[in-house]
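A.B. asks: Coordinates for the following, if possible.
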Amino acid sequence: YATLLGTTPDAFGAGFTGIVARIGLVVAAALALSTYAAVVRGPDRGVVDLHPLLPTAWLTARALSVARDRAGWLLVAAVFLVPLHDHPLAFALGAGVVVGAWCAGIGAGLASA
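C.D. replies: The predicted structure follows:
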């Protein structure tokens, strides 16, 4: 982190962008795969395939369950932003990007269902 963040404002901006983009991409990709596995390949999917009476209600309940179960991933991703504690604005912006990536990952996983 020290070499990526640098000491000059331009070096800090470039390093910050690179670090936060990588964290966001990893979070979004992992959540998309995890959400897809939970919704499409989950153990209760066979029941919905055989008896599709209320698939919208099932998908809504499953999406809320996945979001609740994966909320801890935000804290795990925030651990990688801890070196930015000296720069509160950068930390807040990085946390915003991570939350956006979390939402995008869950949305991408649900969109494939």
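
A.B. asks: In this structure, which residue is most central in space?
C.D. replies: W102 (2.2 Å; Cα atoms, centre = their mean).

A.B. asks: for that one, what are its contacts?
C.D. replies: V27, A28, L31, R70, W73, L74, A77 (Cβ atoms under 8 Å, 6 or more residues apart in numbering). Yep, even glycine has a C-beta here, placed from its N, CA and C like the rest.

A.B. asks: For PyMOL, what selects the buried ones among these?
C.D. replies: Buried residues within the contacts of W102, by 16 or more other Cβ atoms under 10 Å, are selected in PyMOL with:
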select buried, resi 27+28+31+70+73+77
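
A.B. asks: Tell me which of the contacts of W102 fall in helices.
C.D. replies: Judged by DSSP state H, the contacts of W102 include V27, A28, L31, W73, L74, A77 as members of helices.

A.B. asks: farthest-separated two in those residues?
C.D. replies: Based on Cβ to Cβ, the longest span within the ones in helices among the contacts of W102 runs between A28 and L74 and measures 12.3 Å.

A.B. asks: quick one: contacts for A113?
C.D. replies: Shown in contact with A113 (Cβ under 8 Å, 6+ apart): Y36, V39, V40, L59.

A.B. asks: which one of the residues you listed has the most neighbours?
C.D. replies: Greatest neighbour count in the contacts of A113, by other Cβ atoms under 10 Å, goes to V39: 22 neighbours.

A.B. asks: I figured it was touching R45, is that so?
C.D. replies: Yes: under the criterion of Cβ atoms under 8 Å, V39 makes contact with R45 at 7.4 Å.
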